[in-house]
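Colleague: Here's a sequence, model it:
(chains A, B, C and D)
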There are 2 protein chains.
Amino acid sequence: MSRDNFVAKSTEGRLSSGHMADDDNQPRRRGLGGEKKPTINDVARLAGVSKKTVSRVINQSPFVKADTREKINAIIAEIGFSPDPQARGLAFRRSFLIGLVYDNPNPQYVVNMQLGMLDAMRGSGYELVVHPCNRGNPTFLTDFRRFIERQKLWGVVLTPSVSEDDRVKIILDEIGCGYIRIASVPVDEPAHIIVSNDRVGGRAAARHLAELGHTTIGFISGPGTFRSSHERRGGFEEELKDRKLKLTDDYIMQGAYTFETGISCGAELLKRTPRPTAIFAANDEMAAGVLHAIRRANLRCPEDVSVIGFDDFQIASSVWPPLTTVRTPTREIGRMAAEKLIGHGGEEGEDHSREAASATSPALVVRDSTGPAPR
Amino acid sequence: MSRDNFVAKSTEGRLSSGHMADDDNQPRRRGLGGEKKPTINDVARLAGVSKKTVSRVINQSPFVKADTREKINAIIAEIGFSPDPQARGLAFRRSFLIGLVYDNPNPQYVVNMQLGMLDAMRGSGYELVVHPCNRGNPTFLTDFRRFIERQKLWGVVLTPSVSEDDRVKIILDEIGCGYIRIASVPVDEPAHIIVSNDRVGGRAAARHLAELGHTTIGFISGPGTFRSSHERRGGFEEELKDRKLKLTDDYIMQGAYTFETGISCGAELLKRTPRPTAIFAANDEMAAGVLHAIRRANLRCPEDVSVIGFDDFQIASSVWPPLTTVRTPTREIGRMAAEKLIGHGGEEGEDHSREAASATSPALVVRDSTGPAPR
DNA sequence: CTGAAAGCGCTTACAG
DNA sequence: CTGAAAGCGCTTACAG
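Modeller: Purely as a prediction, here's the structure:
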């Protein structure tokens, strides 16, 4: 019987890891080879203490005499001991893995978020496990719960729009897994959230266009499933209203945060009479699409139509003309989220209620796609 | 003494996980809460067999009677048992984590690679741990070794350019960790590599330009530290040569795979006399930069100058005009790599020498940035 | 084909 | 401030 044959026989999808092991004349699979690494027992023996005391040092318990601690730390450094995360995790009933659960398809958003989290995790002993998901999938919640329970994650960071799903929060609370939700508004207690304040960014976009003298302005919103869509639009409209400008329904299009919807919604807006002299697209992808629509209509940006985006991802500076946009500090947000999780990985019985809410603010970045309103 | 105080006292960066735990009147940190999950013991008891037999079923050993297996599987399904990866990992001396180690800064490349790996890992019980790195860092090799040893990874996927570093291979072999290297040429045994054949893509770009009648052609290469730079250029030059066209030194610029170097190298090439009627930039970022240089020089693309990129990332279709480019199936490559790793996670004592090399081929995607050579 | 014992490397619960 | 015993949930090594 070949090795590969019975691997395929599995009936239990959840369990079929595709590997095998048994006794009785089978080829042995060994763990990582080489000389065996030192364990807590080696440290204890060398230091002449019990392993429990070494454990206390590892876990930074205050109940160790200073010189005992120093001696143990010296030995740890000398023999290059590093506690096994799996053994620790098994005893702790909790892994040293931090998850990133996302459904935002933008690669730059995802990578920036990962980099930010890793900034905070570097040297901490935690590792980052990525877990894209799809809320449209009927098994989404079941899969999510299985993932969290099975891996016994230390904590998880959720980004929009999955972060906006309260059913996910409920599962996390039930299981007792730490979590941080990234959102444009405070949808949870301060201890569980990082707020990106997209509304402020919407206002900044409106202010910029108003100051350039634009009065006939178009807007392309994101999909209704993202809270940020409403915030960006809300801020934009508020600021215009404060300045006695208004956005009429004809000049509002609903996009889907994609390049293609930017083209189609942009083309539509350019047909309005009077033609808008400025268009605010709720993200950079769509703003890049608007640039294409402008070109296809034989118009110029910014001479005929100003365009402003949101996010300041790389596409914003790669297109022509480079986009004026509103920058969201994604990497910074990722760092804050992981820090918060590591700081208190959802321990129960502690009081986080007084914890300050973590928040960031978007900021306007002016480039070449916006100019004075044509007369 | 406050809880947060002594956390900061850590002297051992490697060990300071920032958490604490001890007995003696400290608040208890508990593992994931809720009702306790069923273990292998529960299954064994319910099935009236030993846990070892259940273990055999989990690991798909052939040495279990069919009806015993079925009975156990039924109980597993009924009570929703799922083996604990940490306990399994501890006993196996090996985790069920697969690492992605990369230093390519392109977000889309990174995300596509992750998605591809996850395609292969879905439902397998393995999880994906991401690990960006910087070969320029003096502690790079030490950090890398520590990461692999400490996490006892099942395997790791390496992408260019870190995949091209033989010192990394040596470490992996020493430790006995499974690995797959992504590279543009076969730099390792078939069992350890996925080849992207960039040379073929370079040839396709040259063929396309030659067929459009271009004879004065410029080239912008990537950085010498990427093997793909040489392959893309090599293929391009070979094909031109086969067609009796040649690339003179004046018409070759060295870029760094960045948008900015695309602008500067493009601007330089446009100053040549005669002016090139076509430019092949070795990736999309640089090709997008060339478009900017063309516009700044008051030239048109493709009427005056054709441009062709490489990768077919999203930027290629977002710029104006949409770029003709050479598509690399990154996600597919990621999937193949993870499959290969899961299929045989570096077990020793097995014969992988006859294993077929895994390879993919890039393909030309024609859009609007290339046209007939101007007369 | 199956099982009892020992062990993976840590931490908890308890005692001093 | 420190330690001996038991346990986390699995697999290995051995025996039958």
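Colleague: Would you agree A:V129 falls within a helix?
Modeller: No: A:V129 is assigned strand when assessed by DSSP: H, G, I helix; E, B strand; the rest coil, not a helix.
Colleague: wait, it sits on B:L128?
Modeller: Yes: using CB atoms under 8 Å, A:V129 makes contact with B:L128 at a distance of 6.4 Å. Any C-beta I mention is one placed from the backbone N, CA and C, and that applies to glycine too.
Colleague: can you pull the contacts of A:V319?
Modeller: For A:V319, the contacting residues are A:A288, A:L291, B:S318, B:V319, B:W320, by CB atoms under 8 Å, 6 or more residues apart in numbering or on different chains.
Colleague: distance of it from A:I252?
Modeller: Distance of A:V319 to A:I252, given as CB to CB, to the nearest Å: 23 Å.
Colleague: hang on, the earlier thing: what do A:V129 and B:L128 both touch?
Modeller: Contact criterion CB under 8 Å, 6+ apart; residues bridging A:V129 and B:L128 by contacting each: B:L97.
Colleague: filter the contacts of A:V319 down to the ones close to DNA strand D.
Modeller: Filtering the contacts of A:V319 for proximity to DNA strand D by CB under 7 Å from any atom of the strand leaves nothing.
Colleague: In JSON lines: those residues, plus pLDDT and distance to DNA strand C.
Modeller: Putting the contacts of A:V319 into JSON lines (pLDDT from 0 to 100; distance: CB to the nearest atom of the strand, whole Å) gives the following:
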{"residue": "A:A288", "pLDDT": "97", "distance to DNA strand C": "50"}
{"residue": "A:L291", "pLDDT": "97", "distance to DNA strand C": "55"}
{"residue": "B:S318", "pLDDT": "90", "distance to DNA strand C": "49"}
{"residue": "B:V319", "pLDDT": "92", "distance to DNA strand C": "52"}
{"residue": "B:W320", "pLDDT": "92", "distance to DNA strand C": "57"}
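Colleague: buried ones in the helix or strand hosting A:S264?
Modeller: Element membership of A:S264, judged by DSSP states H and E, is helix A:259-270. By neighbour count on 16 or more other CB atoms under 10 Å in any protein chain shown, the buried set for helix A:259-270 is A:F259, A:T261, A:G262, A:I263, A:S264, A:C265, A:G266, A:A267, A:L269, A:L270.
Colleague: could you pull out the helices for the stretch 251-375 of chain A?
Modeller: Secondary structure of the stretch 251-375 of chain A (DSSP state H, counting those that start in this stretch): helices at A:259-270, A:284-296, A:314-318, A:330-343.
Colleague: closest one to A:P190 among these?
Modeller: Nearest to A:P190, of all the helices of the stretch 251-375 of chain A, is helix A:330-343, at 9.8 Å by CB to CB.
Colleague: Quick one: list the elements packing against that closest one.
Modeller: The criterion is 3 or more CB pairs under 8 Å, 6 or more residues apart in numbering or on different chains; DSSP states H and E, and the helices and strands that helix A:330-343 contacts are strand A:97-102, helix A:107-121, strand A:155-158, strand A:178-183, strand A:193-195, strand A:358-359.
Colleague: So what touches the first one?
Modeller: For strand A:97-102, the external contacting residues (CB under 8 Å, 6+ apart) are A:110, A:113-114, A:117, A:121, A:126-133, A:144, A:147-148, A:151, A:153-159, A:162, A:168, A:338, A:341-342, B:127, B:129.
Colleague: now the angle from that strand to strand B:97-102?
Modeller: Orientation note: strand A:97-102 sits at an angle of 70 degrees relative to strand B:97-102 (axes from the mean of the first three to the mean of the last three CA atoms, to 10 degrees).
Colleague: Just the mean pLDDT for strand A:97-102, thanks.
Modeller: What strand A:97-102 shows for mean pLDDT is 97.
Colleague: Name the residues of it that come out as buried.
Modeller: A:L97, A:I98, A:G99, A:L100, A:V101, A:Y102.
Colleague: List the residues that contact A:P107.
Modeller: If you count contacts by CB under 8 Å, 6+ apart, A:P107 has them with B:P107, B:Q108, B:V110, B:V111, B:N112, B:Q314.
Colleague: A:P322 is in contact with A:R367, isn't it?
Modeller: Yes: assessed by CB under 8 Å, A:P322 is found in contact with A:R367 at 4.0 Å.
Colleague: Overlap in contacts, those two.
Modeller: Residues touching both A:P322 and A:R367 (CB under 8 Å, 6+ apart): A:A316.
Colleague: so what's A:R135 up against?
Modeller: Taking CB under 8 Å, 6+ apart, we find A:R135 in contact with A:D103, A:S161, A:V162, A:D165.
Colleague: Quick check on those residues: which are buried?
Modeller: In the contacts of A:R135, burial by neighbour count holds for A:D103, A:S161, A:V162, A:D165, counting by 16+ other CB under 10 Å.
Colleague: okay, the second one: pLDDT?
Modeller: Just to be clear, that refers to A:S161. A:S161 is given a pLDDT of 91.
Colleague: Ok, the last one next?
Modeller: Confidence per residue is given as pLDDT, and for A:D165 that number is 95.
Colleague: On the three-state scheme, the nearest residue to it once chain neighbours are set aside is what?
Modeller: Once flanking residues are discounted, A:D165 sits nearest to A:R135: 6.4 Å by CB to CB, 6 or more residues apart in numbering or on different chains. At A:R135, secondary structure determined by three-state DSSP is coil.
Colleague: what's the answer for A:I76, then?
Modeller: What three-state DSSP gives for A:I76 is helix.
Colleague: tell me the phi and psi of the nearest residue to it once chain neighbours are set aside?
Modeller: Excluding the flanking residues, the one nearest A:I76 by CB to CB, 6+ apart is A:V43, at 5.9 Å. Note on A:V43: backbone dihedrals following degrees, to the nearest 10 are phi -60, psi -50.
Colleague: quick one: A:V43 and A:A74 touch, right?
Modeller: No: in this structure, A:V43 is not within contact of A:A74 by CB under 8 Å, at 10.3 Å.
Colleague: Between those two, point out the one with more neighbours.
Modeller: Shown here are A:V43 and A:A74; by other CB atoms under 10 Å in any protein chain shown, A:V43 has more neighbours (24 against 13).
Colleague: Report the contact partners of that one.
Modeller: Each residue near A:V43 by CB under 8 Å, 6+ apart is listed here: A:K51, A:V54, A:I72, A:I75, A:I76, A:I79, A:F81.
Colleague: so what's the first one closest to, chain neighbours aside?
Modeller: Closest residue to A:K51 in three dimensions, ignoring its sequence neighbours and counting by CB to CB, 6+ apart: A:A44, at 4.3 Å.
Colleague: Look at the one you found and report its pLDDT.
Modeller: Listed pLDDT for A:A44 reads 90.
Colleague: quick one: it and A:V54 touch, right?
Modeller: Yes: A:A44 is within contact range of A:V54, at 5.0 Å (criterion: CB under 8 Å).
Colleague: Indicate the residue of the stretch 101-250 of chain A located nearest to chain B.
Modeller: Of all residues in the stretch 101-250 of chain A, the one sitting closest to chain B is A:G176 (3.4 Å; CB to the nearest CB).
Colleague: neighbour count winner among A:A44 and A:V54?
Modeller: Higher neighbour count among A:A44 and A:V54: A:V54, with 27 against 18, using other CB under 10 Å.
Colleague: In a strand, the more buried one, correct?
Modeller: No: using three-state DSSP, the assignment for A:V54 is helix, not a strand.
Colleague: Tell me, how many residues neighbour A:L245?
Modeller: Applying other CB under 10 Å, we find 16 residues neighbouring A:L245.
Colleague: That one contacts A:T216, correct?
Modeller: No: using CB under 8 Å, A:L245 is not in contact with A:T216, being 9.3 Å away.
Colleague: where does chain A have low pLDDT?
Modeller: Within chain A, the ranges that satisfy pLDDT under 70 run A:1-35, A:344-356.
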